Each structure stands twice: as structure tokens, then as C-alpha cells.
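In: Okay, sequence plus prediction incoming.
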Amino acid sequence: MMNRIIYTLVALFLVSGLSSQKLESFQFEKTESVLVMNLLVFGLNGTYDADCYSVRYYTIDTEGNDHLASGLVCIPSSTDDLVFPLACYQHGTVQGRDDVPSNLDGGYFLGAAFTSHGYVTAMPDYVGLGISPGVHPYIHSATQASAGLDLLRATREMIEQIDNVSLNEQVFVSGYSQGGHAAMALARELETNHTDEFNLIASAPMSGPYSVSEKMRDFTLGDEEYMTVSYLPWLTLGYQRAYPQTVGGLSISDIFQPEYVADIQEFETETIVLDELNDRMIARLQSTVGSVLPKNTLLPEIVDALFNDPIHPMSIALADNDNYDWTPQVPTNLYYCQGDDQVTFENAILAEEVMKANGSTSVNAVRKDTDAMPLNHGGCILPASLDALEFFDSFSEVSTDVKEFENHSGIMAYGSENRVHINISGYETNNLRMDIYDMSGRIVMQKPIHTGKSTHLLRDLSANGIFVIAISDANSLLYITKLSIN
């Protein structure tokens, strides 16, 4: 327990030096009652009310520029000083700009349900939704990952300003549908590039289109009816923004049949929402070709290119957003239903197969329906989410507030060149220990120390650097500080 407290505090010190400020502001919106959540989500069995705050924070757009974005953070409501894990819940496909978690829409209730189990839950709206300007880059791995990553950072900053709650070092990632794709993208980003900043414990992408260029292409553009045809134009509009030099060089009329262009442009300008676009496209398909086959909304040469031309701009963009070909190291459950009518279950099967072939031993594709009772896309949400929560709960830790330690006025530390100088007075016991961490979280020195003055040489490091110094006795952490050694 003592070592975990020291590690947690060191992690908080290190985070402040690893990334620039992300939080712009936050505002309390409402408290979701755990009694109501338990009634509405059968089998939830939550413990905590969820205090929900809309958050404005900085993240990068498709051009790589920092801009203001929005999201929601829900915090377990407690009068005790408790320490909770941090979770990111990525929302699924929404109707448009305003149907997002920061407005208490866009599937935020599932994120709040995670909070009821003792998680500080961050829910990004994504780039191009909420207050983030421009067209939303739908099913775009890079911005879905960065929106989640930067909201996790902003949440850590926010929690430092809120009483009675702290964060431990644990991080969990989940999401459903588009959010499953986003969760996979974020988990990959955390495991690949940010292990020094975030300790991802487990991830649970649910019903996500991980294979956009193959499994989803075949499923959506095949000869079976597919009733959410509006996904196709939103993905196209999003890729026009995300890939301006390639897909952006094509107009909507270069991709879609003429009779669909005006409706798609109305959606692009936010005159109509996604369901209205979907209804219009379904009606026109039924009146013109007699069936709802999305491929009939596209120009024939585009359909041919998507299946036969891997260097076509749309084919390249789709392949760039496949996000299953990597090697997770942390426990990863990929939830799916075989009866899913919007995101084929073959995405999860393929992802598990490729990840295991890559050498991962921690990935499992988990089916949540049966042949006797298949579940469609909407029906899969609850059983998958409850299983994801149970999966996370098997790893999560909630403890008393690690911020409560005695910071002795008789202990001082300072640095010069590549030395750490310690001065301890007014403290009788000699049963003391010093831990020194570098900015990657690596322990560079761990040794017993005594009262009085002492100097410690960091022999294997350069003369310059920032370090975290923690001093403890057998029972408690006594002192922690960050030092710049020049």
C-alpha cells in the first residue's frame, strides 16, 4: 500500500511536466442519482451518484492545431476523501453537433453508469462536435484518440480543483459502436506512445468498426439491405476534412449519385440531422431501386474503386482508419453480438485473430448474444456494457485519499548540478527512505537516509533534469517535491 501511494503521487507530479495545460474551464451540470441509474439500467448495481461537469479543453484538430473542444466528466459523489481510477468512455454515433455528452446527450448515461461503479469518467464530444468547429471527422482514428487523450489530461487538471476526490494511477478505456472504434484508437495510442504518462489497466471496445476498409466495406456495400445508409455520407464528409489533399479534392458530386447530393449538403451545413438524412436516403432508394442498398447511392466508378483500387483516395483513407493491426499488452475484451445489423461482428473476430497473431496474449473477442436469441446493434449495448464494467471492476482499486500525508516542515530538499541535498531536522527516527524518480517515472535512486544533512550524487544521469523526490518512513509518505537540477 505504501509503495502504491508513493507511486500515485509521483505519477501526478510527473504528469504536470509531461504535457501542457489542457483544461480551459468546467461547469457543474447535474447529479445523476445512482438509484435512478440502477432502475433504468437493469443489472447495473451502482454505488455512487455521478456529479457531471461539462468541460472545455484544448485538443488538436485535423490540421494539428490546438483548439477548444468540449466533453463531459462524471465524478463519483462522495463525502469521503477517496481515490478513484480514471476511465474514458467514447460515445457512439450521434445525430449532430448538439447531441453530445457535454449537453447531457449522445449516450452520456452509459458513461455516468461507469461512474456509479467508482470511475471518474471522461467523455469527449470529439472534434467537429459540441463546441469544436467544422465537420466532424467521423470514424477517424487520429482525432478520436487525441480527443480522448487530451480530455484525460484535462480531467487530471480538473480533479486537482475538486474536493473529496483524487485519482490513482489506473486508466480504463471503453466505448460502443463509433465509440468502440474510438476506444480502440485511444487504447492503441496510450499503449504505443504514452506509457510514461498513463497506466492503462484494461480496455473494452464494444461493437466497433475496426476494419473499415474490408469488413465494414463488404458489410455496408454488399447485396443485403443496410438500413443506416447515412453513415456513408458522414464518413465521406469527415474524410474530406481529415484528408484535404486527397479525399478533399473530390466533391460530393464526384462520389454520390446526383439525387443524393442536395440532402448530403444539407447535412453538411447542419440544416438537418443524421436521422433525417437517413430517412430521405432510404425513401429515395426505395423509390428508385426498390431496396435499401447503400452502394446504389454511389457512382459506379466509386464502388468499383472501393473494391478494386487500393490507391484511390477513399480506399487509402478507409485503410488508414483500420485500427486492429497492433499488439495490445493489457487485458483487452472486444465485445460483439452476432446479430448486429450495423457493425458486423466480423470486426471483433478479425481483430482478435490479428492481434493474437501479432503476439498478444491478452485479447479476447467476447460474444454477448446467442444463436437462439441474436441481438441487433441497439440490443447489444446493455449486455456488452455491463460485462465491460464487470471486467474493469476485476482490476479497479478505490482507496482513501493519498493526498493526506504529513508534509514535515523539518524536511527540505534542493538540487545543484547532478546532486540532491536533503536536510531533515526535528524528526527522531532514522528509519527513513528516499526514492528519486526521473520524468519517465523510472526510479533512479532508492536508499535509506538519516536525519541531518546529506548529499546524494545521481551518478548515471546528466547534470540537467527534473526529478521527483519522495521521503517516507515505514508507515507513511512524509514529503514529496519536484526538483529541477542544473
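Out: Nice, I can see it.
In: Disregarding residues adjacent in the polypeptide, which is nearest to Ala187?
Out: Across the structure, with Cβ to Cβ, 6 or more residues apart in numbering as the measure, the residue nearest Ala187 apart from its sequence neighbours is Ser203 (4.0 Å). Every residue, glycine included, has its C-beta placed from N, CA and C.
In: next structured bit after the helix-or-strand element of the chain with minimal mean pLDDT?
Out: Within the chain, no helix or strand scores below helix 2-18, which has a mean of 58 by mean pLDDT, DSSP states H and E. Beyond helix 2-18 on the C-terminal side, the first helix or strand identified by DSSP states H and E is strand 23-32.
In: What strands line up against that following strand, and which way round?
Out: When pairing is defined by DSSP bridges, strand 23-32 lines up against strand 50-60 (antiparallel).
In: Against Glu189, how distant is the nearest residue to Pro244 once chain neighbours are set aside?
Out: Across the structure, with Cβ to Cβ, 6+ apart as the measure, the residue nearest Pro244 apart from its sequence neighbours is Thr62 (7.9 Å). For Thr62, the distance to Glu189 equals 16 Å [Cβ to Cβ, to the nearest Å].
In: Next one, pLDDT for the residue nearest to Ala187 please.
Out: At Ser203, the predicted lDDT confidence score is 98.
In: Then Asp196?
Out: For Asp196, the pLDDT comes out at 88.
In: Give me the mean pLDDT for the longest helix belonging to the chain.
Out: Scanning the chain for the helix with the most residues, using DSSP state H, yields helix 141-159. Looking at helix 141-159 alone, the average pLDDT works out to 97.
In: likewise stretch 79-88?
Out: On average, the pLDDT along stretch 79-88 is 90.
In: Can you give me the buried ones in it?
Out: Across stretch 79-88, burial judged by 16 or more other Cβ atoms under 10 Å covers Leu82, Val83, Phe84, Pro85, Leu86, Ala87, Cys88.
In: which SS class is Leu167?
Out: Secondary structure state of Leu167, per DSSP: H, G, I helix; E, B strand; the rest coil, is strand.
In: what about it, neighbour count?
Out: Around Leu167 sit 23 other residues, with neighbours defined as other Cβ atoms under 10 Å.
In: That one against Val120, yeah?
Out: Yes - here Leu167 lies in contact with Val120, judged by Cβ atoms under 8 Å, at a distance of 6.1 Å.
In: all helices for the chain, in order.
Out: According to DSSP H, the helices that the chain contains are 2-18, 34-40, 108-116, 141-159, 178-193, 217-220, 231-242, 258-268, 274-288, 300-308, 313-320, 346-357, 381-393.
In: ok and the fourth one relative to helix 231-242, angle-wise?
Out: Read that as helix 141-159. Following axes from the mean of the first three to the mean of the last three Cα atoms, to 10 degrees, one obtains 80 degrees for the angle between helix 141-159 and helix 231-242.
In: For helix 141-159, output the C-alpha coordinates as PDB.
Out: Listed in PDB are the C-alpha atoms of helix 141-159, where the atom choice follows Å, rounded to 0.1, in the frame of the first residue of the first chain:
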ATOM      1  CA  SER A 141      -8.800   7.200 -35.600                       C
ATOM      2  CA  ALA A 142      -6.300  10.000 -35.000                       C
ATOM      3  CA  THR A 143      -8.700  12.700 -33.800                       C
ATOM      4  CA  GLN A 144     -10.900  10.200 -31.800                       C
ATOM      5  CA  ALA A 145      -7.700   9.100 -30.000                       C
ATOM      6  CA  SER A 146      -6.400  12.700 -29.400                       C
ATOM      7  CA  ALA A 147      -9.800  14.000 -28.200                       C
ATOM      8  CA  GLY A 148      -9.800  11.200 -25.600                       C
ATOM      9  CA  LEU A 149      -6.200  11.600 -24.700                       C
ATOM     10  CA  ASP A 150      -6.400  15.300 -24.100                       C
ATOM     11  CA  LEU A 151      -9.600  15.000 -22.100                       C
ATOM     12  CA  LEU A 152      -7.900  12.500 -19.800                       C
ATOM     13  CA  ARG A 153      -5.200  15.100 -19.300                       C
ATOM     14  CA  ALA A 154      -7.700  17.900 -18.700                       C
ATOM     15  CA  THR A 155      -9.600  15.700 -16.300                       C
ATOM     16  CA  ARG A 156      -6.500  15.200 -14.200                       C
ATOM     17  CA  GLU A 157      -6.100  19.000 -14.000                       C
ATOM     18  CA  MET A 158      -9.800  19.400 -13.100                       C
ATOM     19  CA  ILE A 159      -9.700  16.800 -10.300                       C
END
